[in-house]
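J.: Show me the folded form of this:
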Amino acid sequence: MQKPIRTAVLSFWHVHAKDYALQAQQHPGTELAAIWDEQPERGRAEAEARGIRFYEQLDELLAEASIDAVIVTAPTADHPEIIKAAAAAGKHIFTEKVIALTLAECDGILESVRQADVALTVSLPRLNTPFTQAAQQLASDGLLGELTLVRARLSHSGALPTELEPLGYLPEAFFQQAQSGGGALTDLGCHPMYLVRLFLGMPSSVSASFGYVTGKEVEDNAAVTLRYASGALGLVEAGFVNHASPFTLELHGTKGSLIYSALDGKLMYRSVLLEENGSKRWHEAPLPAALPTSFEQWVSHIRGGTRAEHNIALARDLTRLIEASNQSALSGVAWQLGGR
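T.: Residues are numbered from 1 along each chain as shown. From the prediction side, this is the model:
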């Protein structure tokens with residue numbers, strides 16, 4: 001029987017840090033062994049709650065030979081320093097998106113990971129969902145023809161004030177530019193962004209518009225248009241200021257359309273290739289089983305000595321697209337990606 005992969009959580013800054021800590025506790029191949037946090041009080045409390053060791057110094061934790069891997073859920077702005085240090089220490093790395101705030105920082109991280117030959121996996125969970133698998137299959141079967149527009153929307157009410165939470169339910173640090181690097185798009189918009197990238201590839205230019213409904217330092221409302229040389233368009237929408245806005249994915253092409261909504265969990269499609277005798281109707285696509293989670297895939301890569309090449313390539317493109325979107329919103333003009 002193989003020994004469990006002894007894993008440490010590096011910071012509970014991110015809202016999903018506790019979820020990943022739980023996965024490390026529950027996965028049969030891993031053991032949650034330690035915690036470090038840039039806020040010692042927070043980290044110490046999380047470690048005490050789990051009965052594991054808290055490290056005051058990150059260097060001391062990374063020097064511990066019994067720690068095999070780390071989950072990096074620190075502020076996004078700190079990813080370059082922390083992930084490079086973890087790679088140099090020979091630790092396998094699981095991290096939240098985005099890898100970094102700029103492509104240059106991202107490439108520096110990936111080079112460190114390559115040189116250290118450690119397994120890196122980035123959490124891109126909607127790549128593993130049944131609806132994404134079914135949509136990919138319908139598109140590859142040609143039922144939609146040439147894709148002309150892909151739209152993905154993800155939004156919640158995390159910045160809206162309530163009586164109990166006057167600043168919204170998201171941590172205040174999520175709205176601090178210096179730590180997060182961005183708001184609704186950088187955090188939540190990553191998911192629709194990598195889905196549009198999955199189906200349409202990389203665009204020639206990106207145009208972004210940000211809204212500041214609650215007056216916070218970072219955007220709480222965002223819309224991005226991705227333009228392609230073929231004439232196709234990608235639309236990415238994200239927000240922290242919507243009370244009830246179900247996740248939506250749409251694929252439209254020259255021969256058909258596909259719509260998935262979390263409102264009813266159904267994936268519906270229509271294609272001219274299926275319209276016989278003038279029959280024009282929508283079909284419900286069967287949904288396959290979900291792929292293993294990003295965390296489970298990471299463990300498999302560590303065990304098998306393999307690397308998450310597809311995941312890393314998509315995560316790199318995601319960093320590039322988010323950076324371009326931020327630049328476009330800041331400058332007010334389309335951000336060209338050709339040759340960058």
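
J.: Can you get me the start-to-end distance on stretch 218-232?
T.: Here the two ends of stretch 218-232 are set 29 Å apart, with distance taken as C-alpha to C-alpha, to the nearest Å.

J.: Check the offset of it from the chain's centre.
T.: For stretch 218-232, the separation from the chain centroid amounts to 17 Å (computed by C-alpha atoms, centre = their mean, to the nearest Å).

J.: rounded to a whole number, what's the mean pLDDT of that stretch?
T.: Across stretch 218-232, the average pLDDT comes to 97.

J.: mind listing what's buried in that stretch?
T.: When burial is assessed from 16 or more other C-beta atoms under 10 Å, stretch 218-232 yields the following buried residues: 218-228, 232. Placement of C-beta: from N, CA and C, glycine included.

J.: just stretch 139-153 next, same as before
T.: Of the residues in stretch 139-153, those with enough neighbours to count as buried (16+ other C-beta under 10 Å) are 139, 143-145, 147-153.

J.: same deal with stretch 170-186?
T.: Neighbour count says stretch 170-186 has 170-171, 174-176, 179-186 buried, by 16+ other C-beta under 10 Å.

J.: give me phi/psi at Pro286?
T.: Backbone torsions of Pro286, given as degrees, to the nearest 10, read phi -70, psi 140.

J.: Sorry, slip of the keys, the one I care about is Ala24.
T.: The phi and psi values for Ala24, taken as degrees, to the nearest 10, are phi -70, psi -30.

J.: mind listing the helices for the stretch 101-250 of the chain?
T.: Counting by DSSP state H, counting those that start in this stretch, the stretch 101-250 of the chain has these helices, from start to end: 103-116, 130-140, 177-180, 184-187, 190-200.

J.: Where does pLDDT dip in this protein?
T.: Per-residue confidence of the chain (counting by pLDDT under 70) places the weak regions at 1, 278, 339-340.

J.: for it, what's the longest strand?
T.: Counting by DSSP state E, the longest strand found in the chain is strand 147-155.

J.: So which other helices or strands are in contact with that strand?
T.: Under the contact criterion of 3 or more C-beta pairs under 8 Å, 6 or more residues apart in numbering; DSSP states H and E, the helices and strands touching strand 147-155 comprise helix 190-200, strand 233-239, strand 248-253.

J.: Gly332 is nearest to which of those?
T.: Of all those, the one in closest proximity to Gly332, counting by C-beta to C-beta, is strand 233-239 (17.8 Å).

J.: Dump the closest one to CSV, keeping only the CA atoms.
T.: As requested, the backbone C-alpha atoms of strand 233-239 are provided in CSV (Å, rounded to 0.1, in the frame of the first residue of the first chain):
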residue,chain,number,x,y,z
LEU,A,233,-17.3,36.1,-31.0
GLY,A,234,-17.0,34.9,-27.4
LEU,A,235,-18.9,36.6,-24.6
VAL,A,236,-17.9,36.3,-21.0
GLU,A,237,-20.0,37.7,-18.2
ALA,A,238,-19.4,37.7,-14.5
GLY,A,239,-20.6,39.6,-11.4
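
J.: of the buried residues of stretch 218-232, closest to His79?
T.: When these are compared for distance to His79 (C-beta to C-beta), Val218 comes out closest, at 16.8 Å.

J.: Nearest residue to that closest one in space, ignoring adjacent ones along the chain?
T.: By the measure of C-beta to C-beta, 6 or more residues apart in numbering, the closest residue to Val218 outside its immediate chain neighbours is Gly183, 3.1 Å from it.

J.: Tell me if I'm right that the one you found and Phe175 touch.
T.: Yes: with the criterion set as C-beta atoms under 8 Å, Gly183 and Phe175 qualify as a contacting pair; they are 6.5 Å apart.

J.: shared neighbours of these two, anything?
T.: Shared contacts of Gly183 and Phe175 (C-beta atoms under 8 Å, 6 or more residues apart in numbering): 159, 216-218.

J.: Roughly how far does the nearest residue to Val206 once chain neighbours are set aside sit from Glu172?
T.: Excluding the flanking residues, the one nearest Val206 by C-beta to C-beta, 6+ apart is Ala324, at 4.3 Å. In this structure, Ala324 and Glu172 are 27 Å apart, going by C-beta to C-beta, to the nearest Å.

J.: and if you look at Gln297?
T.: When Gln297 is compared with Glu172 (using C-beta to C-beta), they lie 32 Å apart.

J.: Leu263 now?
T.: Leu263 sits 31 Å away from Glu172, going by C-beta to C-beta.

J.: ok, now which ones touch Gly201?
T.: Residues in contact with Gly201 (C-beta under 8 Å, 6+ apart) are Tyr228.

J.: could you redo the last one with a cut-off of 10 Å?
T.: The neighbours of Gly201, taking C-beta atoms under 10 Å, 6 or more residues apart in numbering as the test, are 147, 226, 228, 230, 232, 234, 317.
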